[in-house]
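Colleague: Here's my sequence, what's the structure:
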Amino acid sequence: MDDTPGVFGYTAGALALDRHELWEEPEVVPRLRLSQSPADAPALRDQEHSFSVPPMPRDRERTVAARHRRAQHQAIRRRRRVAGLVVLAIVAVVTLLLSAFGSDSSPGAQQAPGPSPANRLLPSGPPSPQVIALEGSLRIQLPVAQSRLTALGYHASGDGAVALQPLGSQANPGTFTRLAHRIFGGRQRGLRWYQLEGGEGPGTTALDVGADPGTDAYSPVDGTVIGLTPHIVNGKRFGSEIDIQPTGAPSLVVSITHLKPDPALTVGATVAAGTSKLGVILDLSHVEQQALARYTQDAGNHVEIEVRPAATLAAP
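Modeller: Below you'll find the predicted structure:
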């Protein structure tokens, strides 16, 4: 084979193309314009020198937002803890109130059952000596037999009577007093009395001793009968007001009402506490509303006792 170059410089055996059929590569235009500056121009900083780049500043907005979210979460947790403590406190208070007043849900629950009907038909007899109130050195004794007693109540009278000092404990004290007794103790035992509504002035100037109508009533003090006057209610007479001058306190007068006086009782008669019969209790439930009925199992009939200064002390 002849390897001598041909007319156009191609070796023998190569595909001969005409000059007009030669492949021409199209010019590609770059997307980015390259720098056309002279080659000797410095493109970078001189490497002989070094520089410190300052730190990038933190994203303050993100930091503030993160702190705000943490503060919100802490506030929510605090509110939940406070709400839990409030709920516990409410439960504790409700428990204390229920324990303080659960056994005294109604006034009648504090009062022992009244005497049976058979006992009411029998003579009551005199009471055992029992002091129920004081006025200085004056001792007021129970005027009815203990078996016939339904309740003791004090109220204001507003007619010049002096305040008595009750003995025993109040059966219907205020809310805070009852709660304090439940928590700290100190509740008295034995004789119990009720504070009644009505009247003006001190709340213990009149003493109501509850008992059924027809119950015998006895003198609450030693002394002398100095007055027997009609007791008027709504323009009508209901028994008498019996005034007794105590032997140990002649400057005072003990007045007893709501009684039908004993026929043997006269002015000037000497009476002894707990043994001298003054009369029998009347039924006034149809002529006046008796506050003691709220705490008894009947109409609240009673004998009323008041203590006043003697008339001679009020004279000019």
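Colleague: Scan the chain for its longest helix.
Modeller: helix 60-101 (DSSP state H).
Colleague: what is the mean pLDDT for that one?
Modeller: For helix 60-101, mean pLDDT is 79.
Colleague: Where does pLDDT dip in this protein?
Modeller: Residues of the chain meeting the criterion pLDDT under 70: 1-61, 96-123, 175-189, 312-316.
Colleague: Run through the helices of it in chain order.
Modeller: Using DSSP H, helices in the chain cover 60-101, 117-121, 175-184, 311-314.
Colleague: residues contacting the closest residue to I256 other than its chain neighbours?
Modeller: In space, and not counting its chain neighbours, I256 is closest to I242: 4.6 Å by C-beta to C-beta, 6 or more residues apart in numbering. Bear in mind the C-beta positions are built from the backbone N, C-alpha and C, glycine included. Taking C-beta atoms under 8 Å, 6 or more residues apart in numbering, we find I242 in contact with 225, 227-228, 255-257, 259, 261, 265, 278-279.
Colleague: Among those residues, which lie within strands?
Modeller: Using DSSP state E, the subset of these located in strands is 225, 227-228, 255-257, 259, 261, 278-279.
Colleague: which of these count as buried?
Modeller: Neighbour counting by 16 or more other C-beta atoms under 10 Å classes 225, 255-257, 259, 261, 278-279 among the ones in strands among the contacts of I242 as buried.
Colleague: ok now do the closest residue to D216 other than its chain neighbours, which residues does it touch?
Modeller: Counting by C-beta to C-beta, 6+ apart, D216 lies nearest to S124, which is 5.0 Å off, once chain neighbours are set aside. The contact partners of S124, taken as C-beta under 8 Å, 6+ apart, are 144-145, 147-148, 211, 215-216.
Colleague: what's the most distant pair in those?
Modeller: S147 and D216 (11.6 Å; C-beta to C-beta).
Colleague: So the two - more neighbours on which side?
Modeller: Remark: of S147 and D216, D216 carries more neighbours, 21 against 15, as counted by other C-beta atoms under 10 Å.
Colleague: Test my guess that that one contacts V144.
Modeller: Yes. With contact defined as C-beta atoms under 8 Å, D216 counts as touching V144 (7.1 Å).
Colleague: Compute the distance between I256 and L207, please.
Modeller: Separation of I256 from L207 (C-beta to C-beta, to the nearest Å): 10 Å.
Colleague: Name the residues contacting each of the two.
Modeller: Going by C-beta under 8 Å, 6+ apart, residues that sit against I256 and also against L207 are 304-305.
Colleague: Now do the strands in this protein.
Modeller: So, for the chain - with DSSP E - the strands run 131-135, 138-141, 152-155, 165-166, 169-170, 192-195, 206-210, 216-218, 223-233, 236-246, 252-261, 270-271, 277-281, 302-309.
Colleague: Summarise which helices and strands the fifth one is packed against.
Modeller: When contacts are defined as 3 or more C-beta pairs under 8 Å, 6 or more residues apart in numbering; DSSP states H and E, strand 169-170 sits against strand 192-195.
Colleague: Equivalent analysis for the last one, please.
Modeller: Under the contact criterion of 3+ C-beta pairs under 8 Å, 6+ apart, the helices and strands touching strand 302-309 comprise strand 138-141, strand 206-210, strand 252-261.
Colleague: go again using 6 Å as the cut-off
Modeller: Judged by 3 or more C-beta pairs under 6 Å, 6 or more residues apart in numbering; DSSP states H and E, strand 302-309 is in contact with strand 206-210, strand 252-261.
Colleague: what pairs with it, and is each one parallel or antiparallel?
Modeller: Partner strands and pairing direction for strand 302-309 (DSSP bridges) are strand 206-210 (antiparallel), strand 252-261 (antiparallel).
Colleague: got the contact list for it?
Modeller: 135, 143, 157, 160-162, 206-210, 217, 220, 252-259, 281, 292 (C-beta atoms under 6 Å, 6 or more residues apart in numbering).
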